[in-house]
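Novice: Sequence and predicted structure are below.
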Amino acid sequence: MKIVFMGTPGFALETLRILNERHSVILAVTQPDKPAGRKKVMTAPPVKELAERLGIPVFQPARLRESAGELRRLAPEADVFAVAAYGQILSEEILEMPKYGCFNVHASLLPEYRGAAPIQRAIMDGREKTGVTIMKMEKGLDTGPALLSREAPIEDSDTAGGMFEKLGKLGAEALIEALELVEAGRAVFTPQDEAAATYAHMLGKDAGRLDFSRPARDLRNLIRALSPRDSGFAEINGEKLKIWEALTADCGESAENGTIINISGGGITVKTPDGALVLSEVQPASGKRMSGAAFARGHKVKIGDKLI
């Protein structure tokens, strides 16, 4: 089939790669280049870089809904628009363009975790499994009927980065299977149960703030859900401290939540309502990532200090 692929981040790369092997990808639509890093160097999205290596034409509209005419001109005979983490909403005009419709690789078991951050929210919520759903797109946000879904476990050691890689591969395989059903005329679409729908809202700048009145496992799940792109954080002695890795621990001591109750080679142990959180890798505002123990030594952190 002739396919227009729409995607932007690393999550979408495996889908584009496999689609290009199995079908004819005639156009890759992705977000515009953006400044990145401290020097604000203009940087292409991962999908653009891969598409150019594969010899696929690239289209980067700032607002796709305002560029429908150009999209139609660039891909007049498309059978399918395949979408994986593109980052823009498709208008009804665009949804109606391809012969068989538009199909989205969504990183959750719909109707759970519709929206922008399904992988992160599933980890934050302490879920033991998630998956991917291939759905036929319609006007609503991730509301279209599902063609198929595939489950994947969330291991206790998994971070958002690891799950993005795992689900990126699973989604690519699922989309290929789904398109085979579509092309053969054997696709069966199942409407989503609206009563069971939940939303995975975009993560804000303060998403990583650790509230030590919450259970230790919840805090560790939050840190895992942000890693490796971002970290949890708190303040200690008036300084912001990023927390990149942490473990839960039992604790029988009586202390106020957020209080440091132990410092050892394993890290800084902080009291929580159900036990303790051991900060094993941290980063001060004016320094590099380091072990919790090294931070405590270098910043004169002591038992009884409090994180807020």
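Specialist: Nice, thanks for sending it over. Numbers count the residues shown, from 1 in each chain.
Novice: contacts and neighbour counts: CA atoms only from here.
Specialist: Noted.
Novice: Tell me which helix or strand Ile303 sits in.
Specialist: Using DSSP states H and E, Ile303 is not contained in any helix or strand.
Novice: when you give positions from now on, start the count at 553
Specialist: All set: I'll call the first residue 553, so the last point we hit is now Ile855.
Novice: all helices for the stretch 603-752 of the chain, in order.
Specialist: 620-626, 644-647, 670-676, 712-735 (DSSP state H, counting those that start in this stretch).
Novice: So for Ser576, which of those sits nearest?
Specialist: Ser576 sits nearest to helix 712-735 of all the helices of the stretch 603-752 of the chain, at 12.5 Å, using C-alpha to C-alpha.
Novice: what are the ranges of the helices in the stretch 753-860 of the chain?
Specialist: Using DSSP H, counting those that start in this stretch, the helices of the stretch 753-860 of the chain run over 768-778, 844-850.
Novice: In JSON lines, list those along with distance to Arg605, mean neighbour count and mean pLDDT.
Specialist: Putting the helices of the stretch 753-860 of the chain into JSON lines (distance: least, C-alpha to C-alpha, whole Å; neighbours: other C-alpha atoms under 10 Å; pLDDT from 0 to 100) gives the following:
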{"stretch": "helix 768-778", "distance to Arg605": "30", "mean neighbour count": "25", "mean pLDDT": "98"}
{"stretch": "helix 844-850", "distance to Arg605": "42", "mean neighbour count": "17", "mean pLDDT": "95"}
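Novice: Determine which stretch of the helices of the stretch 603-752 of the chain is the most buried.
Specialist: Burial of the helices of the stretch 603-752 of the chain is given as mean neighbour count (mean count of other C-alpha atoms under 10 Å); helix 670-676 ranks first at a mean of 24.
Novice: how about the CA coordinates for that helix, as CSV?
Specialist: In CSV, the C-alpha atoms belonging to helix 670-676 read as follows (Å, rounded to 0.1, in the frame of the first residue of the first chain):
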residue,chain,number,x,y,z
PRO,A,670,0.0,7.3,28.4
ILE,A,671,3.3,5.6,29.1
GLN,A,672,4.3,7.9,31.9
ARG,A,673,0.9,7.9,33.5
ALA,A,674,0.7,4.1,33.6
ILE,A,675,4.0,3.9,35.4
MET,A,676,3.1,6.7,37.8
